[in-house]
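Asks: No letters, just coordinates:
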Ligand code: MSP
């Protein structure tokens, strides 16, 4: 095989468990990879995990474990999920692997040797959550991307001469209009680059969790330079064996979510230019999967796990829904209702029903062998309509999929399913099957051949999206292994007379309301589980929920509702209680009980909303040391994100009294 095709997903951060937002990108790439293989390309598909940086170091710290162990666990979860979902990645790269570190060092050296890295001092704001330097902010300002408070960084760093690449990047976008897709993202990038590029700090010296800068191990390499390199280190760049690198690089498609466009479309090509390496052919940015109206993400606490959907409806249901429902490139909403509705309409009642009725009738009337119209007279115009539509469908689906317009491609394919359904209803094969005359038999053969051939075509076209069901339908059609089929040669009339069907079985059992309830209950339980560990289930506990209306005591008595139930020391250890200092305290407009606090944990600054405005004037709190629950799932109140909870005793009438210390305690100290 000479034609190669290399496709990559972003590598996922290990600070969060996988959810269907991650699965969306991986499924889209898997679909493209499967299709390219069926089209005859020697395809290489890469995914993996991004494990270095301050964000991961802190997540591990909050979990009370070391970063490597933490990364091992979460990376294994991603890998396990992709295996369960039958994702056909050819490699799985982890940025903590030796092969990756070697490659990153080689790339860093090469850029430095080429004169594009120098030493300087960086003073400015840094967003740890985005692992992003943000220009033009003052200390205490929130990150414009995620809204979290940025941290002031003042360190001696290595800088990358990004400013030297402004013109070259603009020339790249100009000469290769398809380098960034879709158009809206391309325009955003062009205007960002036109507005001027500042040199980029590419090392950090205030924490350790990263790849040391070659020859200067006091610094670790900036996590984005480290992470982006995975696309070539996985192919052996910087190692002894560069055969894969030579074969597959540059990548044909680098798929990303729209929030990381700048890193991939500005920094990444600039790094490669500086190293004099070839640039990827296309960066494709898709939109966000939304749930309950905001981006699905761990920090918003609104994730849906793929496992729940796999358990109840199966892999194909999730893949089909995401690619059919969301216009690729735009944001799209997920809901269990919509998922089940799509599943029933298109898979159970659509393709599944077409397969089972067509194949069952071939079994019943033709002893399980594909019939063929023996008489010209048995042919009708309606048959030509189907074959004509099938030919168009093949062309349309190919052109939509070539443009990564999955939803339109699937819509076109399912247009053929609907047409064949109608054709079957109108031609009543079951009535023809009751008659024994030669003409009726010939007509029946034509109708069932036409239906089966259309079914074969939809099955081939849909395989990359719904691999499991189509594998079965293909085998039921007696055609063997669909993954070996030459999709480029797909045309009407390839179904051979006399093909012996395999065992016919339903592929998509219908789902009902109970499936929705089951999935919802599974996810609620999952979220409840997390909340129960970190948030008081009853209001009499001494921690104040970061909620405006929270009443600290149910009855007002400190001894009210004393409980007999015991927890283990391990249960207690799950609650990360820490010392913090209030830096900013202010009232929240329109919320009488609520204060907005910015607190300093020593290692991080955060925003917390606390229902203590009736007991404390904001100015009395600034500078005061408090105890907070540091690992509470974030939540939004009055449009503001609260990241943690202040601990207080709860007195008569619900009056809160903040916990404090007699001795001097350092910020960030853990209570245990
Ligand atoms: N580690 C970086 C990427 C480094 S690539 C050199 C990162 N990781 S991430 O885990 O936060 O997100 C990675 C990708 O996951 C997103 O770009 C996107 O492809 C996917 N998604 C995560 N949440 C998503 C949604 N809610 N919706 C759609 N895609 C989502 O950024």
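Replies: Thanks, I have it. This structure is a prediction, so every number in the text was calculated from the model and none was measured. Residues are numbered from 1 along each chain as shown.
Asks: and the gap between the closest residue to the ligand within the stretch 151-300 of the chain and residue 264?
Replies: Proximity of the stretch 151-300 of the chain to the ligand (C-beta to the nearest ligand atom) peaks at residue 257, 2.7 Å away. Backbone N, C-alpha and C define where each C-beta goes, glycine included. Counting by C-beta to C-beta, to the nearest Å, the gap from residue 257 to residue 264 is 10 Å.
Asks: Ok, residue 659 next?
Replies: In terms of C-beta to C-beta, residue 659 sits 45 Å off from residue 264.
Asks: of residue 257 and residue 264, who's got more company?
Replies: residue 264 (24 against 18; other C-beta atoms under 10 Å).
Asks: Let's see the pLDDT reported for that one.
Replies: With respect to pLDDT, residue 264 scores 98.
Asks: Show the backbone phi and psi for it.
Replies: phi -90, psi -30 (degrees, to the nearest 10).
Asks: And for residue 478?
Replies: Dihedral angles (degrees, to the nearest 10) for residue 478: phi 80, psi 20.
Asks: repeat for residue 6
Replies: Dihedral angles for residue 6 - degrees, to the nearest 10 - are phi -120, psi 130.
Asks: in the stretch 401-550 of the chain, which ranges drop under the pLDDT threshold?
Replies: Residues of the stretch 401-550 of the chain meeting the criterion pLDDT under 70: 528-550.
Asks: What is the burial count for the nearest residue to residue 427 once chain neighbours are set aside?
Replies: Leaving aside its sequence neighbours, residue 427 sits nearest to residue 447 (C-beta to C-beta, 6 or more residues apart in numbering; 4.7 Å). Counted by other C-beta under 10 Å, the residues lying close to residue 447 total 27.
Asks: does residue 416 count as helix, strand or coil?
Replies: helix (DSSP: H, G, I helix; E, B strand; the rest coil).
Asks: ok, it - contacts?
Replies: 386, 389, 390, 393, 454, 457, 458 (C-beta atoms under 8 Å, 6 or more residues apart in numbering).
Asks: Can you tell me how far the residue of the stretch 551-672 of the chain found nearest the ligand is from residue 461?
Replies: In the stretch 551-672 of the chain, the residue that lies nearest the ligand is residue 634 (15.2 Å; C-beta to the nearest ligand atom). Look at residue 634 and residue 461: by C-beta to C-beta, they are 43 Å apart.
Asks: the more surrounded of these two?
Replies: Ranked by neighbour count (other C-beta under 10 Å), residue 634 and residue 461 place residue 461 first, with 26 against 18.
Asks: buried stuff in the one helix or strand the more buried one maps to?
Replies: Using DSSP states H and E, residue 461 sits within helix 438-462. Across helix 438-462, burial judged by 16 or more other C-beta atoms under 10 Å covers 440-462.
Asks: Equivalent analysis for stretch 175-182, please.
Replies: So stretch 175-182, judged by 16+ other C-beta under 10 Å, has buried residues 179, 180, 181, 182.
Asks: Return the subset of the residues you listed lying in strands.
Replies: If you go by DSSP state E, the buried residues of stretch 175-182 have 180, 181 in strands.
Asks: now the buried residues of stretch 175-182 in a markdown table, with distance to the ligand and pLDDT?
Replies: Output for these, formatted as a markdown table (distance: C-beta to the nearest ligand atom, whole Å; pLDDT from 0 to 100):
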| residue | distance to the ligand | pLDDT |
| --- | --- | --- |
| 179 | 17 | 98 |
| 180 | 14 | 98 |
| 181 | 14 | 95 |
| 182 | 15 | 95 |
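Asks: I figured the residue of the stretch 151-300 of the chain closest to the ligand hits residue 295, correct?
Replies: No. With contacts defined as C-beta atoms under 8 Å, residue 257 does not count as touching residue 295, sitting 9.0 Å away.
Asks: average pLDDT across stretch 78-89?
Replies: The model assigns stretch 78-89 a mean pLDDT of 98.
Asks: what about residue 642, how many residues close to it?
Replies: Neighbours around residue 642, by other C-beta under 10 Å: 23.
Asks: what bridges to it?
Replies: On the basis of DSSP bridges, residue 642 is bridged to residue 635.
Asks: The ligand contacts on the stretch 201-350 of the chain?
Replies: By the rule C-beta under 6 Å from any ligand atom, the part of the stretch 201-350 of the chain lying against the ligand is 227, 228, 230, 256, 257, 260, 288, 289, 295, 296, 297.
Asks: Kindly recompute the last result at 5 Å.
Replies: 227, 228, 256, 257, 260, 288, 289, 295, 296 (C-beta under 5 Å from any ligand atom).
Asks: Confirm that the first one sits in a helix.
Replies: I take that to be residue 227. Yes. Looking at residue 227 with three-state DSSP, it is inside a helix.
Asks: and the residue nearest to it when sequence neighbours are not counted, bridged to which residues?
Replies: Excluding the flanking residues, the one nearest residue 227 by C-beta to C-beta, 6+ apart is residue 50, at 4.6 Å. On the basis of DSSP bridges, residue 50 is bridged to residue 13.
Asks: what are the ranges of the strands in the stretch 151-300 of the chain?
Replies: For the stretch 151-300 of the chain, the strands defined by DSSP state E, counting those that start in this stretch occupy 151-160, 180-181, 200-201, 203-204, 212-213, 216-221, 253-257, 283-286, 289-291, 294-295.
Asks: Could you say which one of those strands comes nearest to residue 371?
Replies: Closest approach to residue 371 among these is made by strand 253-257 (42.3 Å; C-beta to C-beta).
Asks: Which strands and helices lie in contact with the closest one?
Replies: Strand 253-257 is packed against strand 4-8, helix 20-38, strand 283-286, with contacts defined by 3 or more C-beta pairs under 8 Å, 6 or more residues apart in numbering; DSSP states H and E.
Asks: now the end-to-end length of stretch 452-471.
Replies: End-to-end distance for stretch 452-471, by C-alpha to C-alpha, to the nearest Å: 15 Å.
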